[in-house]
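# Fold the stuff below for me.
(2 chains)
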Amino acid sequence: MTAIDTPAGLTSIDAVTSGLTEVGYISTAAISTAVYLAHHLRKPVLIEGPAGVGKTDLARSVAKYLGYPLLRMQCYEGLDESKALYEWKYGKQLLYTQILKEKIHDLVADADGLDASFAKLGDFQDLFFSRDFLEPRPLLKAMEQTGGSVLLIDEIDKSDEEFEALLLEILSDYQVTVPEIGTIEADVPPLVMLTSNATRELGDALKRRCLHLHIDFPDAERERLIVRARVPDVSDKLLAQLVSFVQLLRGENLRKLPSISETIDWARTLLLLHADALEPAMVRDTLNVILKRQSDILAVTGKAEALTHEAVKAAAEAA
Amino acid sequence: MERTLTNYIRALRTAGAAVSPSEAIDAARALALVGYAERQRLKDSLSVVLAKTPEEKDIHDRLFDLYFSRGAATAGAERQDSEDTADQRDGDGSGGEGEPADPADQLLDLARAGDQSRLAVAMERAASQAGVDEIRFASQGSFFSRRMLETMGVEALEARLMERLQDRSPESQAEAQALMDARSALMRAARRHVDQRFEVFGRTATENFMNSAVASRAIDKLSLRDMERMKAVVARMARRLAVRHSRRRKVRNRGKLDVRRTLRANAGFDGVPFQVVWKRKHRDRPKIVAICDVSGSVATYVRFLLMFLYALNETVTDLGAFAFSNVLVDVSGPLKHLSFEAAMDHIILEVGSGGTDYGQAMIDLRDKHWDQIDRRTTVLLLGDGRSNHTDPRLDIFAEMADRAKRVVWLCPEPTGRWGSGDSEILRYQPFCTHLSHCATALDLEEALDEILLAYD
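Here you go, the predicted model:
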């Protein structure tokens, strides 16, 4: 395999951070370090963390700022190699067989005897299992990219264990074996990112092959920056208040804690409602944007007033 | 490879993070890229490379701070130093014969100079010679700190001290005082070093030892302090069980064609079956109904059993819990809504008093909760089977065993006492799929493992 060329965006950890900031992804030291090491150690990164903290978005942003194509592979139960790796173009094969059947008389017309006919047909036998009939799926496509790529294997915990085993070859050697053709190696290894919501424990073999990045809920400072990057129109005052409200909520005993994507949605909602500061009544009315369970909404509705005041106070102190 | 790094990885392993050799190599490569210059950056890098679960991340965060607490400067010096000592050891064997000046003077100088980094380097060297990293228990602290001082040559210093003490002249007395101060300063430094090493290498080993001791101790013989530890042990066991049994709920049943789905999948190929779809078998989710005798001595066991079952909530979503002494009450509600401790107090208060009556419990179960037991259910009984000479209602028990998938009875009483006095357990035995004596947390884990195995 050829030596890896390092694009400008991956020469240092700081370069990663600033590159990600350019495309609107507010990184942390840990996140940038993981991306940097993933390239230089040539290892896939397994990203874990609660839903909605920007795991998938990280892969998208990395692809965007490096100018790489993003190949996304959504995992689900029952996913198998014909949908992940490659598939034969059965229809095309069928069509070619039909054509061959019609032309076979012309082909073997001048051959004497059976052996000569077979020898003539032998030239065709590899035709049906060649690259022309191979339909590449995301994983194989990623191996075929010559200019570098980001391969995102999303929600790997949703897939079956057999699929995990299938990934091992790709993740450690960046190659795919197609029995009929041979081994297809990646010229430029893709930057592989796997995400998981930890609905099940992943196999040890997979974990040991990957770098492991845990992204947690952001602190107030980072969350403000993220919302600011995504919703630029929101006023400073409202931003500080809504972020401290969400931060307070994460300390409550809720079944589903609000994550960054919910904060962003809420900021957009409040902006639409022309709010310039948090008010208990408005908070109560828009709770369904940040909380996704009825029991949580009921629990917080009662405390909305107290929480709002506390959030407003905390925001004032921070400023 | 770097000594500092390999030692750190060893510390991680003793602390319970499984670091494989390939990860160690990755760590070395990461270190070469990132370097020692920036502490936080190094920490982040090693965390990404070495720690692969939230637990391992915690261990790493804690250990990194302890292990690299001497600051970057000393870490660098130590590295250089460890190579020096290695050369020295090869050259002239162990001990301080290679050093030109009197070891007592050197030590005195070291203690007086107040140069923290020099002291730290000397301590580091002595520690590696004394094998301090082998420390496992806090009580080994004084042994290892003494051994460190001995490798530094404290005996020479002590000999001189004895000499000066015997001389009554004021100069000698003053010098003796200085020697004594130096000795205790060194002693303190060594002890500090050993304590820190214990935190890195020994703490988890001690914890693991204590945990395994508690897990195999009879539950009714646990002290209050053990109970606290037990909670963590049970939580860990439950997690282990959950991982083991959180397998897929569907198995591909190769060999049986699913005609409908095959036709559907190949509609695009004009019905020519290129893709063959096999029938799948769905597995039942574990459904457990726990029936607990909460009278007297059995109550402690019930506490742990329920703790176990509720810690398994990921795997066992379908769980019913009943408690009885003379009447049977559904306790799933309080266990779900109250905190565990409050729920247990509530249960004991509600049903704990009164003589045990297995017959009445069976009647209550049949009359009020019979629909909870079906062919997917494992009925898990926990009790000693002592029914105060009342009718055990074997007929209802037999009917229940017939309805349920399995009946598992865990008995805290040792086998020898079964059937004695008012114990009815031997009469219940023929209807149980599994009946065993259960005394420790390990027994509990084993029993639950077996129950869950029936659903795999």
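# Without its sequence neighbours, what residue ends up closest to A:E252?
A:V300 (6.9 Å; C-beta to C-beta, 6 or more residues apart in numbering or on different chains). (Each C-beta comes from the backbone N, C-alpha and C, glycine too.)
# how about the biggest helix by length in chain B: buried residues?
Counting by DSSP state H, the longest helix found in chain B is helix B:170-197. Residues of helix B:170-197 classed as buried: B:175-176, B:179, B:182-183, B:185-187, B:189-191, B:193-194, B:196-197 (neighbour count, 16 or more other C-beta atoms under 10 Å in any protein chain shown).
# can you give me the helices for chain A?
Here chain A has its helices, by DSSP H, at A:13-22, A:29-40, A:55-66, A:81-84, A:90-108, A:113-122, A:138-144, A:161-173, A:204-209, A:220-230, A:236-251, A:260-272, A:280-290, A:294-318.
# most tightly surrounded among those?
Ranked by mean neighbour count under mean count of other C-beta atoms under 10 Å in any protein chain shown, the helices of chain A are led by helix A:29-40, which reaches a mean of 23.
# Spell out which residues of the stretch 1-150 of chain B are next to chain A.
B:20, B:22-23, B:26, B:29-30, B:33-34, B:40-41, B:44-45, B:47-49, B:51-54, B:57 (C-beta under 8 Å from any C-beta of the partner chain).
# From the residues you listed, which land in strands?
Among those, no member is found in strands (DSSP state E).
# Can you pick out the ones from these that are in helices?
Among these, the members found in helices (DSSP H) are B:22-23, B:26, B:29-30, B:33-34, B:40-41, B:44-45, B:47-49, B:54, B:57.
# Just the buried residues of those residues.
Using 16+ other C-beta under 10 Å as the burial test, those include B:23, B:26, B:29-30, B:34, B:41, B:44-45, B:47-49, B:57 as buried.
# hmm, which two among those residues are most spread apart?
The most widely separated members of these, counting by C-beta to C-beta, are B:R29 and B:K57 (20.1 Å).
# Can you name the residues that contact A:L242?
Neighbour list for A:L242: A:227, A:263, A:266-267, A:270, A:278, A:311 [criterion: C-beta atoms under 8 Å, 6 or more residues apart in numbering or on different chains].
# Swap in 7 Å and give it another go.
A:266-267, A:270, A:278 (C-beta atoms under 7 Å, 6 or more residues apart in numbering or on different chains).
# ok, back up a step: helices or strands next to the longest helix of chain B in the packing?
helix B:103-113, helix B:116-130, helix B:141-152, helix B:154-166 (3 or more C-beta pairs under 7 Å, 6 or more residues apart in numbering or on different chains; DSSP states H and E).
# helices and strands around the third one, which ones?
For helix B:141-152, the contact count by 3+ C-beta pairs under 7 Å, 6+ apart identifies helix B:116-130, helix B:170-197 as packing neighbours.
# How far off centre is the lowest-mean-pLDDT helix or strand in chain A?
Taking mean pLDDT, DSSP states H and E as the measure, the helix or strand of chain A with the lowest value is helix A:113-122, at a mean of 78. Remark: helix A:113-122 is offset 51 Å from the chain centroid, using C-alpha atoms, centre = their mean, to the nearest Å.
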